[in-house]
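Q: need coordinates for the following:
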Amino acid sequence: MSSTNETNIRTNGDGQSEPQHHIPSLVSVTPNAREIWEDYRNAIEAKAQKYFPMPATFQMVPLKMSILDVEGTKTYFFKARVPNNKFVNVRVRLSGKAESRDNQVSVESRASGGLDEEITKIF
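A: Okay, here's the model as predicted:
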């Protein structure tokens, strides 16, 4: 999967600018990305459980994914199913720095109804 260096600049209210990176379109989950998901499954499902009550036997499955590589930090974005035929966006950031899995994982607090809805912002 190729990385992107496409950058837009967003100006904050204080006049400072910060780069806003474009998240590539979602594609089928690759074997390598599935391994990342499995390595982080416990942290992903624990965070998702806070927003989306799931039966103990329910396992989230990544259905689509995208990778953003910015200056050596790979960020995996996943679209996964939660109960009630809803989909949730999950982010796993691999910076190469020592940090807890909990800090590397983020789950968007809102679910969507569409599998093909692109992930357009970093959460």
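Q: which one is Y40 nearest to, not counting chain neighbours?
A: Spatially, and ignoring its direct neighbours in sequence, Y40 is nearest to V92 (5.2 Å; CB to CB, 6 or more residues apart in numbering). Heads up, the C-betas are built off the backbone N, CA and C, glycines and all.
Q: measure the residue nearest the centre of the chain to N103 for me?
A: The centroid of the chain falls nearest to R91 when counting by CA atoms, centre = their mean (2.1 Å). From R91 across to N103, the span is 11 Å (CB to CB, to the nearest Å).
Q: coming back round to it: which ones are touching the residue nearest to Y40?
A: I36, W37, Y40, I44, T75, Y76, F78, Q104, V105 (CB atoms under 8 Å, 6 or more residues apart in numbering).
Q: buried ones in the helix or strand hosting it?
A: Taking DSSP states H and E as the definition, V92 sits inside strand 86-94. Residues F87, V88, N89, V90, R91, V92, R93, L94 are the ones in strand 86-94 that count as buried (16 or more other CB atoms under 10 Å).
Q: pipe the residues you listed into CSV and attach distance to H22 and pLDDT per row.
A: Below are these laid out as CSV (distance: CB to CB, whole Å; pLDDT from 0 to 100):
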residue, distance to H22, pLDDT
F87, 21, 90
V88, 21, 91
N89, 16, 93
V90, 19, 95
R91, 15, 94
V92, 18, 96
R93, 16, 93
L94, 19, 93
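Q: closest one of these to P55?
A: Nearest to P55 among the buried residues of strand 86-94 is V88, at 15.7 Å by CB to CB.
Q: contact partners for that closest one?
A: Going by CB under 8 Å, 6+ apart, V88 touches A48, Y51, F52, M60, K79, A80, R81, V82, V107, E108, A111, S112.
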